[in-house]
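Engineer: Sharing a model that was predicted from the sequence below.
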Amino acid sequence: MSKTTTSADRDATGAKGDRDTTGAQDEVGELGAAGAQLSTAPLDDAAGPASGPNMPALGVIGWIRWFWRQLTSMRVALLLLLLLSLGSIPGSLIPQENPDALKVEDFKAAHTTLGPLYDKLGLFHVYSSVWFSAIYILLFVSLIGCIVPRTWQFVGQLRGRPPAAPKRLTRLPAYTTWRTEATPDEVHEAARHLLKQRRFRAHETGGSVAAEKGYLREAGNLMFHVALIVMLIAFAAGQLFKSEGGKLIMEGDGFSNTLTQYDDFKSGSLFDTENLAPFSFRLDRFEGTYENSGPERGTARTYKAHVTYSEGAHGPEKKKAIEVNKPLEVDGSKVYLIGHGYAPTVTVRDGKGKVVQRVSVPLLPIDSMGTATGAIKILDGYRNKDGKKEQLGFNAFFVPTFAGEGNGQMFSQFPAPFNPRLALSAYHGSLGVDSGVPQNVYQLDTRKMKKFKDAKGELLKKRLKIGETLKLPDGAGSITFDKELKQWASFQISQEPSSKWALGGAIAAIAGLAGSLFISRRRVWVRATAGADGVTVVEMAGLGRSESAKVPEELGVLAAALHETAPSAPDADTDPDTGSDTDTAAESTEAGAEAGAEADSKTPSDPDPTPDVVPAEGAEK
Amino acid sequence: MTLATTLAAEPNENLAHISNVLIYSAMAVYLLAFFALMAEWLFGSRSKVSRTAAALTAQTGDAAAPAAKAAGSSGPAVTVRAKGGTATLERPKQAAKAAESGAPKVVTRAAAGSRDVPDGPGAAAGDEQGDLYGRIAVSLIGLGFLIEVGGVVTRAMSVQRAPWGNMYEFNITFSSVAVGVFLTLLALKKNVRWIGLPLITSVLLDLGLAVTVLYTESDQLVPALHSYWLWIHVSTAIFCGAAFYVGAVSTIAYLFKDSYEAKLQSGGTPGRFATSVMERLPASASLDKFTYRMNAAIFPLWTFTIIAGAIWAGDAWGRYWGWDPKEVWSFITWVAYACYLHARATAGWKGRKAAYLALIAFGCWLFNYYGVNIFVSGKHSYAGV
Ligand code: HEM
C-alpha cells in the first residue's frame, strides 16, 4: 500500500488573519469549481460596488443594488437578528399595554419623567411599535431576498451534475490512494456503481467519478427559512382577522355566538362580524375542587365547566366539560374557561309581601378564597309603601366560608361554600341607569340614592345566612338570601383563523431545521489512472461543508468497499510503518478517550469501534 | 347548590421525605466526586505535557515546513486523537481487518486557517494516580446521578405528577439531567471527562440553591399546569438547558484555550498554571466543534420546546403567543442561538466572536430560567418562585 499526505502543499498559514477567512471561500479559491456550490449560502463579500472611499458615483440604480446586496447578505441578516433579540428585551421588563394596561397607568403615575419618554419611544407597546416592526420587516425582506436566489441556485444544482474532480485530489480534506491491478475503467465503473448504491448522485466525467450526496441539507435549510416566513404571515394574519370576546354565564344560562351577546368584544381590523361561527352553549354546572389541608389549603385543583353545546343554528346537543387547559372547539372557534365565581340568589319583596323579583346576581371575586363583591339592582317592579315606583340597590359582599362571629374581618376562609354569608347594605331612589352612561353592573352608583337607615340612623346593613331576611325599615319590604347558591363561569371565545398555518409553519420549520443541521452535504471523487508501471493508481477524496466530521470516516468506508473490487496490487515498497501505525492509532484513541495513558505507552487493543486516528506522517514528496 | 368539592389527592408526606433524604445524599456523593476530581487535576499537574506548545512552536519555528511533519517528528506529541484538524489519518473499522492486506488509509487535512494542535490528554494528563482519581470521580458521579434521579422520581411520586411544578423541582431535575448528559457523552466515548470538575461544581451550587433558597413543600399543581403539554414542554426545556449548559462550559474552555494557543503562536509564554491546565484540555478547534455540535443538535429541540409552549399557551390562556416575559425570553434565547449558528456560517464572525454569541445565548437561557421567575412578574410566575 502507499499513502501520501498533503501537508506539504499546505499554505504556510500565518499566525493571524487566517482565522478570519471563510472556509467556503478558501475552498472555492483552492479547489475551483469542485468546491463551489456545495451550499447555496451567499458569499460574503461585504465589499460591494461602493466599498472603497474613492469609488466613482454609482448612480441611483447602483446604490439600490448595493443596498439590496447589503440587506440580503448573511452579515446584515445576522445583525438584524441580533437587533431583533435586543429589541425584544424592553418589552419583557417594562409593563406592556396589551396584557396589562393598568400596570402601564401605574408606571406612568410613578415615573413622571420616564413615562412620557417611554411613551414616545413606544416602549409600552414594544411588539407593535414602529421600530420593532421595522426590524422584523427588514429581517424578513432580507430573508426573502436571500431565499429566492438561493432557491434558484439550488434548483440549478439539482438539475446539474456534481462538478468534476479538481486536478489535485490531495488538496481535499480527506484523501486516500492505493495501487491496484484492475484497469482504470473497471475501477471507475465499480466506483460509480458503489456510489450509486449508497445513494450518491454519481457520474463519470473528465476521467474521474464525481459524486454528491446530502442535497436534503440545502432543501431543509430553505424549507426552514420559508417556514419562518409562513409563520410570520400567519401571525400577522392572526392579528388582523382574529376575534375575541368575553362572556359571563351563570349556571343554567346559555349563550349563542352573536355580537350582541358578548360582555366585551374585540377583533382585528379586518374581522367581519359575519364570520362569527354560529353555535351556542349552556353552562349546566361549574365544578371546582380545592386543596383541603396543608400549607396550600384552598389552592384550586380542578375547575370544570360542564356545558351542553350545539353546533350551527340547530345542531344536536352535545355535552362537554371545559377545563383550564381544555377549551371547547366548535366550528373554528375556541371557548376557554377563564374565571368563575358565585352568584347568590335573593328574593326581593315589597311592603305587602309580594315578590318583586327573584334574581341570581354574579359577584366578582376579590381574593383566591372566593370573597366577592358586587351590586344587586332592582330596576323595576318595586313600589314603595306609598305605592310610588322606586328603584332599589344593595351593595353585596359575599364569602363562601365564613370564619365565624368575632373572628376578625369578613374574608372567606375557603373557596368552597361551607358556610356562606351575604352582607348587604340597602339604598333606594334612582340607580341612574337611564342616564345613557354605561354603568358597571358590579358597582352601585349611589349619587341619586338614599340610604335605608337602621334604628340608630345609620346605613342599614346585615350579614345574612342562607334563608335569612333583611327587613327594610318602615314596611319598605325585604330581601332574602335564598338557598339556591349558583356559580358562574366566564369564558373567552376566540377565533384565530390562521393558527393552523402557524402550526404548519412551525412543524415545517423544525423538520427543515433538522435536515439542515443533521444532514451533511458532501462530495466524493474517485480517479483511477494507469501508472507508468502498468499498475492503476486509485485516488479517492472527499469534501464536505465545514462541519462535516464524518467525511473522512465515510470516505474510509467507501474506500474499503471499493478496495474489495479493486484490491491492492502486491507492492514491493509496502510502507514499513504500517504495523507501528496501527499501534499508535489504537493507543492514541485510548489516550483521547481515557485521558490517561501516556502517548508512548503501549495499549494496542482498541475496542472503540470509531475509526482510529493517527497523524499523517511527514509528506513524502 | 351544585358545588362539588372532592378531596384532591394529598401528597404523600413520606415519599416527599424520602426524596429530600435522597437529594441530600446525592449532594454528599457529588461532594466526594468533587474532591476526587480535584485530586485528578492536582495529580495531573505533575505531568509536563506540552503538546500544544510543541505543535505550535514547531509550526512557527519553521513556517515553511509542513506542520504535520514538524509535529510528527516531535515524537509522541501529536500521536493523539486530534479532531481539531491536525493532519490525521483515519482508518475505518472495515479497513482495520484488512490492514494487513494493505487496505487504503484515509488522510485528512485540516481546514484552511485552523491551527494544527493536538488535543490535550485530559485532566489526569497521563498521571496514573490522577487517572485513578478521575475514574473514581466518574464512578461517584454515576452513583450520585442514580441517587439524585431516585430523589426526583420519589418527589414526582409524592406529588403524583411531573416533578416540574416549581423552581425547586426544576432545579433538581435540571442538575440530574445535566449530569445525565455528561455521563451519556462519556459513554459515547466523547472526550468530555475534563468537563467533570466545572460540571460538578455547578451542580453542587445548583442543588445547594435548591435545598436552601428554593425549597418548596411538595404539593400539587394549580389547574393551569395540568396538561400533558407540561410533560412535553418542560421536559424538553430542561433537557435543552442541560445540553446548552454543557455547550457553554466548552465555549468558555474554548475561549481560554484559544487565547492560550494564540499566545503561544505569537511567541508568548503563558503562566505555569495556565499551561498546566490548558495543556490538558482538548485543542481549541475541538472545543469549538464540540460547542457547535452541542448547540446545533439542541437548537431544533429548543425550537420545538417553544412551539410546544405556544400550543400549551393556546390551550391554557386562549392565545398561543402573548409576549409574556417568559415567552419573550425564550424567543430571545432562540434568536441568540440562531445568531450563533449564523455567525458560524458568516465570514468574520467565526471563532471567538461566535463563541461570545454562544455565551450570550446561554446567558439568555439562564436569565429566562432564573431572572424571569425572580425579577419579572408574568403569567408564568405562579410556580412558587
Ligand atoms: C428570522 C431570521 C432567521 C433565522 C431564525 C435563521 C436561522 C437559521 C439557522 C438556524 C440556520 C442553520 C445554521 C447552520 O446550518 O449552521 C440558518 C442557516 C442559514 N441562514 Fe438563516 N435565519 C434567519 C434569517 C436569515 C436571513 C435573513 C438570511 C439571508 C441573508 C439567512 C441565510 C442563511 C443561510 C445562507 C444559511 C445557511 C448557512 C449554512 O449553510 O451554513 N438566514 N439560518
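Structural biologist: Sure, I can see it. Numbers count the residues shown, from 1 in each chain, chains lettered A, B, ... in the order given.

Engineer: ok so B:Gly120 is a strand residue?
Structural biologist: No. Going by DSSP: H, G, I helix; E, B strand; the rest coil, the assignment for B:Gly120 is coil, not a strand.

Engineer: Which residue would be the closest one in chain A to the ligand?
Structural biologist: A:Cys146 (2.8 Å; CB to the nearest ligand atom). To be clear about C-beta, it is placed using only N, CA and C from the backbone, and glycine gets the same treatment.

Engineer: Contacts only, for that residue.
Structural biologist: A:42, A:72, A:74, A:77, A:225 (CB atoms under 8 Å, 6 or more residues apart in numbering or on different chains).

Engineer: What about the fourth one, how many residues nearby?
Structural biologist: Using other CB atoms under 10 Å in any protein chain shown, A:Ala77 is surrounded by 23 other residues.

Engineer: Name the helix or strand for it, please.
Structural biologist: helix A:74-93 (DSSP states H and E).

Engineer: how distant is that helix from the center of its chain?
Structural biologist: 16 Å (CA atoms, centre = their mean, to the nearest Å).

Engineer: near chain B, anything from that helix?
Structural biologist: Yes. Interface with chain B: helix A:74-93 contributes A:74-75, A:77-78, A:81-82, A:84-85, A:88-89, A:91-93 (CB under 8 Å from any CB of the partner chain).

Engineer: Dump those into JSON lines; add pLDDT as well.
Structural biologist: Conversion of the residues of helix A:74-93 next to chain B to JSON lines gives the following (pLDDT from 0 to 100):
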{"residue": "A:Met74", "pLDDT": "81"}
{"residue": "A:Arg75", "pLDDT": "83"}
{"residue": "A:Ala77", "pLDDT": "86"}
{"residue": "A:Leu78", "pLDDT": "87"}
{"residue": "A:Leu81", "pLDDT": "89"}
{"residue": "A:Leu82", "pLDDT": "90"}
{"residue": "A:Leu84", "pLDDT": "90"}
{"residue": "A:Ser85", "pLDDT": "90"}
{"residue": "A:Ser88", "pLDDT": "89"}
{"residue": "A:Ile89", "pLDDT": "89"}
{"residue": "A:Gly91", "pLDDT": "84"}
{"residue": "A:Ser92", "pLDDT": "83"}
{"residue": "A:Leu93", "pLDDT": "84"}
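
Engineer: Would you mind checking those for buried ones?
Structural biologist: Neighbour-count burial (16 or more other CB atoms under 10 Å in any protein chain shown) applied to the residues of helix A:74-93 next to chain B gives A:74-75, A:77-78, A:81-82, A:84-85, A:88, A:91-92.

Engineer: Give me the subset of these that also touch the ligand.
Structural biologist: The subset of these within reach of the ligand, by CB under 6 Å from any ligand atom, is A:74, A:77, A:81.

Engineer: Distance check, A:Gly238 against B:Gly322.
Structural biologist: Using CB to CB, to the nearest Å, A:Gly238 is found at 12 Å from B:Gly322.

Engineer: now do A:Phe241
Structural biologist: Going from A:Phe241 to B:Gly322 by CB to CB gives 17 Å.

Engineer: Quick check: what element follows whichever helix or strand A:Ala227 is part of along the chain?
Structural biologist: Counting by DSSP H and E, the element that carries A:Ala227 is helix A:215-241. Note on helix A:215-241: by DSSP H and E, the next helix or strand toward the C-terminus is strand A:243-250.

Engineer: Cool, thanks, talk later.
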